[in-house]
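> below: sequence and its predicted model.
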Amino acid sequence: MSQKEKRLLRLFKAPPAKDFTWEELLTVMRAAGFEEKCDGGSHYSFTHASGFIFKASKTHPTGILKHYQIMDAQDALRYVGEDPENF
């Protein structure tokens, strides 16, 4: 199993990981073909080649994602076809 698959499985595990970090999210989103852009402060836009845009805010000070952020990232990845069920 590749590192990309392991990270996706960790993001998609149920119940969601309580220690999934912002840096891990960036790695997963980049591997899925998203490019991030900081809209100012802690607000980021992730744009996929398909035109899909996903927005998220970096959590401070810990960098640990909240439950809703994990769910939003899962939805964005499913939309562009990056779902562990497809492996």
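Alright, I've got the coordinates. Numbering: from 1, shown residues only.
> okay, CA-based contacts and neighbour counts for the rest of this
OK.
> backbone phi and psi for residue 53, please?
Taking degrees, to the nearest 10, you get phi -120, psi 130 for the backbone angles of residue 53.
> low pLDDT regions in this structure?
Residue ranges of the chain with pLDDT under 70: 86-87.
> the longest helix in it is where?
When the chain is parsed with DSSP state H, its longest helix is helix 67-79.
> how far out from the middle of the chain is it?
7 Å (C-alpha atoms, centre = their mean, to the nearest Å).
> check what contacts it and list those residues.
With contact meaning C-alpha atoms under 8 Å, 6 or more residues apart in numbering, helix 67-79 is reached by 11-12, 16, 18, 29, 32, 52, 54, 56, 83.
> pull out the buried residues from that helix.
69-70, 73-77 (16 or more other C-alpha atoms under 10 Å).
> before we move on, what about stretch 29-39?
Buried residues in stretch 29-39, defined by neighbour count with 16+ other C-alpha under 10 Å: 29, 31-36.
> can I get these in TSV with distance to residue 5?
What follows is those, written out as TSV (distance: C-alpha to C-alpha, whole Å):
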residue	distance to residue 5
29	12
31	10
32	11
33	14
34	16
35	19
36	20
